[in-house]
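Asks: Take a look and give me a structure for this.
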Amino acid sequence: MSYLAYNHQTVPTGPSKLLYLNWPVVLLLTAIASVGFLMLYSVAGGSMSPWAEPQMKRFGLGLAVMFIVAMMPIWFLRNMAGLAYAVSVLLLVMVEFFGVTGMGAQRWIDLGFMRLQPSELTKITLVAFLAAYYDWLDVKKVSRPIWVIIPVLIILVPTYLTLRQPDLGTALLLLFGGAGVMFFAGVSWLYFGAVIAAGVGLVASVFQSRGTEWQLLKDYQYRRIDTFLDPSTDPLGAGYHITQSKIALGSGGWTGRGYMQGTQSRLNFLPEKHTDFIFTTLAEEFGFLGGLSLLALYMLVIVFCVASALTNKDRFASLLTLGIALTFFLFFAVNMSMVMGLAPVVGVPLPLVSYGGSAMLVLMLGFGLMQSAHVHRPR
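Replies: Have a look, this model is predicted:
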């Protein structure tokens with residue numbers, strides 16, 4: 001077996017790199033994607049088309065992307081992080097002028113063979129660029145104001161462009177994902193405390209201003225808040241999605257109605273049953289235990305990623321892995337909270353289970369970066 005000197009340690013080279021992949025993560029991702037295939041087959045009424053078969057092909061392509069990126073030296077990925085971030089921001093700007101509109105939002109660029117959603121790509125490039133920034137920055141400077149402002153701007157630029165599409169869900173994931181990398185890098189908790197306090201104060205002001213001359217939101221925006229807090233106020237309008245979702249979740253009980261026996265999805269009461277609300281279909285058919293099993297698979301991925309990051313001696317690789325793990329966590333945490341009525345409906349897919357091309361490929365790209373960090377860690 002051949003090795004390459006790296007930081008006075010050794011890392012595998014050539015085909016031997018395959019042996020050093022984090023194979024538990026590969027198997028867990030495959031298991032999660034397989035759950036998605038089964039659910040897409042179910043919501044299509046027992047047919048591989050139009051969702052299950054394309055999803056399987058995309059996952060196969062995603063696996064290839066993950067393996068290819070995993071073989072790339074981690075130093076090369078670190079050097080390319082800034083360029084990748086710049087390209088993703090440029091693509092977000094291009095969406096403003098050439099973007100394809102769908103479901104009331106302009107979020108995609110038509111590449112002919114697929115529609116690319118640049119905001120999905122930005123979730124990964126943002127994490128990578130921030131990891132590279134903090135790898136370059138002296139640890140003693142991490143919490144100094146001038147060096148805190150720079151990453152804040154790095155986060156806010158794509159967040160603002162994504163909000164303009166509009167895509168609140170992805171914008172929040174960018175914001176929290178970037179803030180998470182800053183926290184992992186060692187930025188003082190006082191900054192986060194100040195932001196949280198300001199956020200609480202802003203929310204309080206929004207509610208206090210309702211019905212006054214200085215009202216901060218428009219009336220229809222307040223009605224959306226009312227619907228989120230109590231969907232029954234508009235069960236056939238803005239509250240329809242979450243009302244039907246709760247019915248599906250509750251009807252599943254402990255063990256579910258049985259595979260392909262969910263009435264909410266089969267009778268088309270459940271909207272977006274193959275994308276954002278696919279978790280409710282799973283919960284209706286397999287019950288609480290089925291939903292808990294999927295959550296366990298997700299959490300095991302997080303555990304293996306965090307373990308890899310904590311044992312990695314390379315600062316960039318460690319921060320990158322933690323950032324990817326956090327982004328993955330935010331994906332399923334926000335989606336599950338959303339369909340259970342614990343968070344507003346913001347259009348965040350369930351990772352590797354919801355139907356979609358950009359989200360799956362970008363997520364597998366992110367895990368390719370995580371695998372490269374794991375394979376090339378100094379030994």
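Asks: From now on I want contacts and neighbour counts done on CA atoms only, so please keep to that.
Replies: Noted.
Asks: Please report the distance of R210 from L202.
Replies: 13 Å (C-alpha to C-alpha, to the nearest Å).
Asks: nearest residue to Q55 other than its sequence neighbours?
Replies: Y355 (6.5 Å; C-alpha to C-alpha, 6 or more residues apart in numbering).
Asks: Surely the one you found forms part of a strand?
Replies: No. Checked against DSSP: H, G, I helix; E, B strand; the rest coil, Y355 lies outside a strand; its state is coil.
Asks: what about it, how many neighbours?
Replies: Neighbour count of Y355, defined by other C-alpha atoms under 10 Å: 26.
Asks: From E53, how far out is it?
Replies: Counting by C-alpha to C-alpha, the gap from Y355 to E53 is 10 Å.
Asks: Same question for A105.
Replies: As judged by C-alpha to C-alpha, A105 and E53 stand 27 Å apart.
Asks: number of nearby residues for S372?
Replies: Quick note: S372 (other C-alpha under 10 Å) scores 28 neighbours.
Asks: which residues does the nearest residue to it once chain neighbours are set aside contact?
Replies: Closest residue in space to S372, ignoring its immediate chain neighbours: A70 at 4.0 Å, by C-alpha to C-alpha, 6+ apart. Contacts for A70 (C-alpha atoms under 8 Å, 6 or more residues apart in numbering) come out as 21, 368-373, 375.
Asks: in the stretch 1-150 of the chain, which spans are helices?
Replies: 23-43, 52-70, 74-98, 118-136, 145-163 (DSSP state H, counting those that start in this stretch).
Asks: Dump the ones you listed into a markdown table; add distance to I242 as well.
Replies: Output for the helices of the stretch 1-150 of the chain, formatted as a markdown table (distance: least, C-alpha to C-alpha, whole Å):
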| stretch | distance to I242 |
| --- | --- |
| helix 23-43 | 18 |
| helix 52-70 | 25 |
| helix 74-98 | 30 |
| helix 118-136 | 24 |
| helix 145-163 | 23 |
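Asks: Out of those helices, which is the most enclosed?
Replies: Compared across the helices of the stretch 1-150 of the chain, helix 118-136 shows the largest average neighbour count, a mean of 25 (mean count of other C-alpha atoms under 10 Å).
Asks: Kindly list the main-chain dihedrals of T275?
Replies: phi -120, psi -100 (degrees, to the nearest 10).
Asks: my read: it touches S354, true?
Replies: Yes. The pair T275 / S354 is scored as a contact, 4.5 Å apart, by C-alpha atoms under 8 Å.
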